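In: Sequence unavailable; structure follows:
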């Protein structure tokens with residue numbers, strides 16, 4: 001975004017562009033978390049009334065508009081950029097909420113983990129594709145604005161495909177046979193798999209990755225450590241959502257929404273902490289931040305394997321009418 005800085009220096013020499021202010025940048029990063037938090041309020045009622053297909057498509061439209069019009073907003077106003085980031089947050093939040101609902105409807109119990117792993121891998125694939133493509137576009141003649149136009153357009157296309165082909169129940173889909181419906185309904189009474197090991201592996205990977213980043217001065221080693229921490233962090237989503245699915249059953253979307261609320265609270269606070277603790281972007285400042293993050297990750301995940309219960313909760317068991325007292 002050097003063109004914005006140069007244009008601002010030509011037009012107004014006395015004031016810096018907002019893109020150079022750490023406060024404004026922290027607000028922009030936090031706006032996505034604010035949008036995600038706001039979306040969590042109506043997400044559960046919308047999922048109950050509109051179901052997954054319409055709800056996800058609706059918020060996907062918000063994400064598409066927010067991404068596609070960001071370059072235009074940057075040229076017009078800082079507040080329009082914040083609004084676009086807010087719209088992007090609306091689209092991001094609902095994805096995690098429906099992550100536990102789609103496998104429950106479309107997979108047999110025995111393959112639930114496989115479906116969940118495939119769906120949750122979208123986060124890692126998105127970063128693996130987005131980052132190098134963005135770097136190429138930034139260095140090309142197309143410029144940084146082409147990133148938002150490209151991925152905003154692709155977001156709209158993929159959400160349109162989702163709306164056309166997805167149905168909220170396999171029985172409603174014209175291409176699902178009776179044999180496939182029977183397969184999807186199999187294995188509902190199997191014993192749950194223990195997922196605390198997945199979470200332990202994920203947290204251990206985060207700890208190792210952050211610890212190496214703290215003590216190394218080699219850029220390549222730090223890059224590999226950060227990548228290792230990011231890859232292993234993906235297991236947290238699988239372990240958490242899977243355990244919520246086993247424990248909360250039909251109320252999984254509400255439980256995931258509550259978990260998402262805490263996640264986006266962290267995403268809202270973290271950019272502000274970065275702006276406060278790393279104003280100069282020095283290695284010493286980032287080292288202190290990663291030490292704090294490592295300690296918080298350890299302390300907040302220790303209770304999980306000790307307190308987690310994977311059997312269905314009492315509130316998920318529907319009482320038989322014959323057992324009810326009159």
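Out: Alright, I've got the coordinates. Every value quoted in this text rests on a predicted model; they were computed, and no experiment measured them.

In: residues in contact with residue 279?
Out: Applying Cβ atoms under 8 Å, 6 or more residues apart in numbering, one finds that residue 279 lies in contact with 22, 285. C-betas here are computed from N, CA, C, even on glycine.

In: let's see it at 10 Å
Out: 22, 23, 285 (Cβ atoms under 10 Å, 6 or more residues apart in numbering).

In: If I look at residue 301, what pLDDT would I see?
Out: At residue 301, the model reports a pLDDT of 76.

In: Look up how far residue 290 lies from it.
Out: Residue 301 sits 16 Å away from residue 290, going by Cβ to Cβ, to the nearest Å.

In: So which of the contacts of residue 279 are in strands?
Out: Among the contacts of residue 279, the subset assigned to strands under DSSP state E is empty.

In: taking the residues you listed one by one, which sit in helices?
Out: The helices, defined by DSSP state H, take in 22, 23, 285 from the contacts of residue 279.

In: For the first one, which non-adjacent residue is closest in space?
Out: This means residue 22. Distances taken as Cβ to Cβ, 6 or more residues apart in numbering place residue 275 nearest to residue 22, at 4.7 Å, with adjacent residues excluded.

In: What residues does that neighbour make contact with?
Out: Residue 275 neighbours (Cβ under 10 Å, 6+ apart): 21, 22, 23, 24, 25, 26, 27, 29, 30.

In: so the fifth one is in which element?
Out: This points to residue 25. Following DSSP states H and E, one finds residue 25 within helix 22-49.

In: Would you mind listing the buried residues in that helix?
Out: By neighbour count on 16 or more other Cβ atoms under 10 Å, the buried set for helix 22-49 is 24, 26-37, 39-40, 43-44, 46-47.

In: Determine the set of other helices and strands touching the next helix or strand after that helix.
Out: Under the assignment DSSP H and E, the closest C-terminal helix or strand after helix 22-49 is helix 51-68. Contacts defined by 3 or more Cβ pairs under 10 Å, 6 or more residues apart in numbering; DSSP states H and E place helix 51-68 against helix 22-49, helix 78-98, helix 101-106, helix 145-165.

In: For residue 171, which of those is the nearest?
Out: Evaluated over the helices and strands packed on helix 51-68, closeness to residue 171 peaks at helix 101-106, with 9.8 Å, by Cβ to Cβ.

In: helices or strands up against whichever helix or strand comes after that closest one?
Out: With elements assigned by DSSP H and E, the helix or strand that comes after helix 101-106 is helix 112-139. Packing partners of helix 112-139 (3+ Cβ pairs under 10 Å, 6+ apart): helix 78-98, helix 101-106, helix 145-165, helix 219-248.

In: For those helices, could you give me CSV that also reports mean neighbour count and mean pLDDT?
Out: Putting the helices and strands packed on helix 112-139 into CSV (neighbours: other Cβ atoms under 10 Å; pLDDT from 0 to 100) gives the following:
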stretch, mean neighbour count, mean pLDDT
helix 78-98, 22, 84
helix 101-106, 19, 79
helix 145-165, 15, 92
helix 219-248, 19, 66
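
In: Take these and write them to a markdown table, including distance to residue 172.
Out: Output for these, formatted as a markdown table (distance: least, Cβ to Cβ, whole Å):
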| stretch | distance to residue 172 |
| --- | --- |
| helix 78-98 | 16 |
| helix 101-106 | 10 |
| helix 145-165 | 12 |
| helix 219-248 | 21 |
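
In: Of these, give the one that comes closest to residue 123.
Out: Short answer: helix 219-248, nearest of the helices and strands packed on helix 112-139 by Cβ to Cβ, at 6.5 Å.

In: and the helix or strand that the closest one is followed by, how far out from the chain's middle?
Out: Note on helix 219-248: by DSSP H and E, the next helix or strand toward the C-terminus is helix 252-277. Distance, stretch centre to chain centre, for helix 252-277: 10 Å (Cα atoms, centre = their mean, to the nearest Å).

In: So residue 141, which state does it fall into?
Out: Here residue 141 is coil, with the state taken from DSSP: H, G, I helix; E, B strand; the rest coil.

In: Return the per-residue confidence for it.
Out: Looking at residue 141, the pLDDT reads 86.

In: Return the backbone torsion pair for residue 69.
Out: Here is the backbone geometry of residue 69 (degrees, to the nearest 10): phi -100, psi 10.

In: hang on, it packs against residue 87?
Out: Yes: using Cβ atoms under 10 Å, residue 69 makes contact with residue 87 at a distance of 8.5 Å.

In: Which residues are in contact with each of these two?
Out: Applying Cβ under 10 Å, 6+ apart, one finds that no residue jointly contacts residue 69 and residue 87.

In: Please tell me how far the residue nearest to residue 22 sits from residue 74.
Out: 19 Å.

In: same question, residue 296
Out: 33 Å.

In: Repeat that for residue 133.
Out: Distance from residue 133 to residue 74, by Cβ to Cβ: 19 Å.

In: Which one of these two is surrounded by more residues?
Out: Applying other Cβ atoms under 10 Å to residue 133 and residue 74 shows that residue 74 carries more neighbours, namely 21 against 14.
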